[in-house]
Every structure is written in C-alpha cells, then in structure tokens.
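**Student:** Need a 3D model of the sequence below.
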Amino acid sequence: MHHWPETNESLILRVKDPADAASWSDFLSIYRPVVVRMACGLGLQHAEFGLLDRYLQRRST
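**Tutor:** Sure thing, here's the model as predicted:
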C-alpha cells in the first residue's frame, strides 16, 4: 500500500512563486517520492526519470 503525503495547501500556494526557493525545496522533499512511484508505475525508464529529476531540481534553485 502506498502512503501519500498530506496535501499542504499553503506549500502549494507558495511553490507558485518562482522566487520562493525554500518552498520548492520543501515541495521536492515531500512529493519527489510520490512522483518517483507514479513515474515507475507508468513505466518511465531510469534515464527518462533522470531528465525529469533534473528539471525538478532546476526549478528548486
């Protein structure tokens, strides 16, 4: 059984601000494992996930 994080509405609102790097860091630490599980479940290959992960990391800086 998958454990899903509690949705943090204030974080979702904060992450919309590209200047709020701390919110992206928090977002990734909470939701990255969910994205990984979903991507693997959809058949995303390791190399493809690497591209997605790099994109997400760039968003957080």
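
**Student:** contacts for the helix or strand of the chain with the lowest mean pLDDT?
**Tutor:** The weakest-scoring helix or strand in the chain, judged by mean pLDDT, DSSP states H and E, is helix 46-59 (a mean of 77). Helix 46-59 has contacts (Cβ atoms under 8 Å, 6 or more residues apart in numbering) with Trp24, Leu28, Arg32, Val35, Val36, Ala39, Cys40, Leu44. All C-beta atoms are positioned from the backbone trio N, CA, C, and that covers glycine.

**Student:** Stretch 38-45 too?
**Tutor:** Stretch 38-45 has contacts (Cβ under 8 Å, 6+ apart) with Glu48, Phe49, Leu52.

**Student:** re the thing from before, could you say which of the contacts of helix 46-59 is surrounded by the most neighbours?
**Tutor:** Top of the contacts of helix 46-59 by neighbour number is Trp24, holding 20 neighbours under the definition other Cβ atoms under 10 Å.

**Student:** thought it was touching Lys16?
**Tutor:** No - taking contacts as Cβ atoms under 8 Å, Trp24 lies outside contact range of Lys16: 10.4 Å.

**Student:** Over the biggest helix by length in the chain, what's the mean pLDDT, rounded is fine.
**Tutor:** If each helix of the chain is counted by residues according to DSSP state H, the longest one is helix 21-41. What helix 21-41 shows for mean pLDDT is 86.

**Student:** what's the angle between that helix and helix 46-59?
**Tutor:** 170 degrees (axes from the mean of the first three to the mean of the last three Cα atoms, to 10 degrees).
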